[in-house]
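no sequence on this one, just coordinates:
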């Protein structure tokens, strides 16, 4: 497919690299900041534009910008363009692209960072589209990038993003809290790296409910009290410890709706 | 070394297997429940005892039982035995073994489960002992099991355990919350497995503070509000979402002591 990529951040970069590898042609990279557009365009060996008026004819326009900028970019993108218009966000409804008749969403369920390459071929891609023909086009594109393509509506996709925030963003913050506690006691973060990896690897095969260990699930109040006492000079961490431990100890909250 | 293993749970099992592999002799496995002692003794091809009065002479007694049972087992273990007496708990002070003159701690910083083998040779082992000679003996034992042996006092070890609870037990609970949210929306946990693994792998090389992504660190209040609205029928999850997001958004709390 001939594609125009709108955006220059982590998602645009990793998606752009995967598209090129998948045999697609990136006709242009757009960013309102010329230098950003040029930097990614260089990597993808294509042209850079910093005005939406300069966007060329293509089969597909992929908007991979910050959530609150998607609407603006979509509205300024000429509706006379014939290609499908797609965004990549988890928490933005399909309707944000309402000015475009053939619209879709391709949400990659993965965390992308500058420093680390990602194997895009196994990244789950959540698809939604305005109509069946657009969905078919989008699915063809997605299947050329990943073996894990699935359909989900805007409400499901929002839930998926919330789940991802708990399992990725919040999890990373717990790692950061662990690192901070160690640092305060002259211990290296490296000491819990094997534990972090093992905890993640365990749920690759098992359900996390079955893998839960630690004082809270054992209702080991003696150890919990020792830990809270150890956190007495960090009321912020004690509050988090208490709330998460309580939630682990009361599984009824997890299973009810 | 000739070792008596007191306990039959996950830590006792994984440690016992590592000890045998390290060339040590397990003389006995003790558990107050005969069947448990026999089950592990069978795996380690040794004898089972269910009374502490029957414990034989050895170089080292390793107490790997529940935290609140360590004191009882240690007190009932004849103080006339000449070997060193060691426990394996993160949050229990060395002094719980006070009736034994040569006492130590060997705390493996890892999560052990029945279903999954662990490469013990890279598990960080935190050591503490009552005196230099006992420490030297314990270090010899630990070095035969793992390449990552280090010294830490009871206060540091407690902090290490608290950090491990955040980075392992609490993290697994966030995975479980993710799984529950997905289930409620007819989506499979498998969809976020690559994300979970990538999040853990990212901090194997980087510090978690540098790897933080998501709406909270971007101060993306629009997305945060959407997520809280999506959790409106789950006030327990909304409370967790709010507290952790607030903590991410205010890094000053993390860096101050």
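Structure received. These figures come from a predicted structure and were not determined experimentally.

Just the closest residue of the stretch 51-200 of chain A to chain B, please.
Of all residues in the stretch 51-200 of chain A, residue A:169 sits closest to chain B, at 3.0 Å by C-beta to the nearest C-beta. Every residue, glycine included, has its C-beta placed from N, CA and C.

For the residue nearest to that residue when sequence neighbours are not counted, grab phi and psi.
Spatial nearest neighbour of residue A:169, excluding adjacent residues (C-beta to C-beta, 6 or more residues apart in numbering or on different chains): residue B:214 at 3.0 Å. Dihedral pair for residue B:214: phi 110, psi 170, per degrees, to the nearest 10.

dump the residue contacts of the residue of the stretch 51-200 of chain A closest to chain B.
For residue A:169, the contacting residues are B:212, B:213, B:214, B:215, B:216, B:217, B:248, by C-beta atoms under 8 Å, 6 or more residues apart in numbering or on different chains.

how close does it get to residue A:196?
From residue A:169 across to residue A:196, the span is 15 Å (C-beta to C-beta, to the nearest Å).

Flag the shaky bits of chain A, pLDDT-wise.
Filtered on pLDDT under 70, chain A yields the residue ranges A:251-257.

Which residue ranges of it form strands?
Under the criterion DSSP state E, chain A contains strands at A:2-6, A:25-30, A:47-49, A:60-63, A:84-87, A:103-108, A:125-129, A:149-151.

Any chance of those in JSON lines with mean neighbour count and distance to residue B:27 as columns?
As requested, the strands of chain A are exported to JSON lines (neighbours: other C-beta atoms under 10 Å in any protein chain shown; distance: least, C-beta to C-beta, whole Å):
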{"stretch": "strand A:2-6", "mean neighbour count": "24", "distance to residue B:27": "67"}
{"stretch": "strand A:25-30", "mean neighbour count": "22", "distance to residue B:27": "68"}
{"stretch": "strand A:47-49", "mean neighbour count": "19", "distance to residue B:27": "73"}
{"stretch": "strand A:60-63", "mean neighbour count": "26", "distance to residue B:27": "67"}
{"stretch": "strand A:84-87", "mean neighbour count": "26", "distance to residue B:27": "66"}
{"stretch": "strand A:103-108", "mean neighbour count": "24", "distance to residue B:27": "56"}
{"stretch": "strand A:125-129", "mean neighbour count": "22", "distance to residue B:27": "57"}
{"stretch": "strand A:149-151", "mean neighbour count": "16", "distance to residue B:27": "56"}
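
Out of all residues in chain A, which is the farthest from the middle?
The centre of chain A is farthest from one residue, residue A:222, which by C-alpha atoms, centre = their mean lies 38.7 Å away.

That one touches residue B:69, doesn't it?
No. Counting by C-beta atoms under 8 Å, residue A:222 stays clear of residue B:69, with 11.0 Å between them.

Distance-wise, check residue A:180 relative to residue A:234.
9 Å.

And residue A:147, by the same measure?
For residue A:147, the distance to residue A:234 - C-beta to C-beta - is 44 Å.

try residue A:82
58 Å.

can you check residue A:109 too?
Counting by C-beta to C-beta - residue A:109 and residue A:234 are separated by 33 Å.

Neighbour count: these two, which is higher?
Counted by other C-beta atoms under 10 Å in any protein chain shown, residue A:109 and residue A:234 do not tie: residue A:109 has more neighbours, with 24 against 20.

Can you report phi and psi for that one?
phi -90, psi 80.

so it touches residue B:190, yeah?
No. Residue A:109 is beyond contact range of residue B:190, at 10.3 Å (criterion: C-beta under 8 Å).

hey, what's in contact with both of the two?
With C-beta under 8 Å, 6+ apart, residue A:109 and residue B:190 have common neighbours residue A:124.

which residues does the residue nearest to residue A:190 when sequence neighbours are not counted contact?
For residue A:190, ignoring the flanking residues on the chain, the nearest one in space by C-beta to C-beta, 6+ apart is residue B:124 at 8.0 Å. Applying C-beta under 8 Å, 6+ apart to residue B:124 gives the contacts A:190, A:191, A:192, A:194, B:108, B:109, B:110, B:146, B:148, B:149, B:150.

pretty sure residue A:114 contacts residue A:11?
No. Taking C-beta under 8 Å as the definition, residue A:114 is not a contact partner of residue A:11, at 11.5 Å.

With neighbour numbers in mind, choose between the two.
residue A:11 (20 against 8).

quick one, what contacts that one?
A:64, A:88, A:108, A:112.

Please repeat the previous calculation with a cut-off of 6 Å.
A:64, A:88, A:112 (C-beta atoms under 6 Å, 6 or more residues apart in numbering or on different chains).

ok, and the most crowded of those residues?
Result: residue A:64 is most packed of the contacts of residue A:11 (other C-beta under 10 Å), 24 neighbours.

Can you pull the phi/psi pair for that one?
phi -120, psi 70.

Test my guess that it contacts residue A:13.
No. Applying C-beta atoms under 6 Å as the test, residue A:64 and residue A:13 come out as separate, 8.7 Å apart.

List the contacts of residue A:80.
Residue A:80 neighbours (C-beta under 6 Å, 6+ apart): none.

can you check residue A:187 too?
Counting by C-beta under 6 Å, 6+ apart, the residues that residue A:187 touches are residue B:160.

So what sits opposite the residue lying closest to residue A:86 once chain neighbours are set aside in the bridge?
Leaving aside its chain neighbours, residue A:86 sits nearest to residue A:104 (4.5 Å; criterion: C-beta to C-beta, 6+ apart). For residue A:104, the beta-bridge partners under DSSP bridges are residue A:86, residue A:129.

Might one say that residue A:104 is in contact with residue A:138?
Yes. Applying C-beta under 6 Å as the test, residue A:104 and residue A:138 come out as touching, 4.4 Å apart.

who touches both of those two?
Overlap of the contact sets of residue A:104 and residue A:138 (by C-beta under 6 Å, 6+ apart) consists of residue A:129.

how close does the residue lying closest to residue A:32 once chain neighbours are set aside sit to residue B:141?
Ranked by C-beta to C-beta, 6+ apart and with sequence neighbours excluded, the top spatial neighbour of residue A:32 is residue A:50, at 5.9 Å. From residue A:50 across to residue B:141, the span is 65 Å (C-beta to C-beta).

Between these two, which has more neighbouring residues?
residue B:141 (24 against 15).

Which residue lies closest in space to that one, excluding its sequence neighbours?
Residue B:141 sits nearest to residue B:1 (C-beta to C-beta, 6+ apart), 5.8 Å away.

And for residue A:38?
Using C-beta to C-beta, 6+ apart, the nearest residue to residue A:38 is residue A:48, at 4.3 Å.

Any idea what the one you found is bridged to?
Counting by DSSP bridges, the residues bridging with residue A:48 are residue A:29.

hang on, isn't it packed against residue A:39?
No. Look at residue A:48 against residue A:39 with C-beta under 6 Å: they stay out of range, at 8.3 Å.

centre of the chain versus stretch A:78-96, how much separation?
17 Å (C-alpha atoms, centre = their mean, to the nearest Å).

which stretches of chain A form helices?
A:10-21, A:34-44, A:67-76, A:132-143, A:154-164, A:171-184, A:193-205, A:208-211, A:221-230, A:235-249, A:252-255 (DSSP state H).

Tell me which of those is the most buried.
For the helices of chain A, the largest average neighbour count (mean count of other C-beta atoms under 10 Å in any protein chain shown) is found in helix A:171-184, namely a mean of 24.

and it, what does it pack onto?
Applying 3 or more C-beta pairs under 6 Å, 6 or more residues apart in numbering or on different chains; DSSP states H and E, we find helix A:171-184 packed against helix B:154-164, helix B:171-184, helix B:193-205, helix B:208-211.
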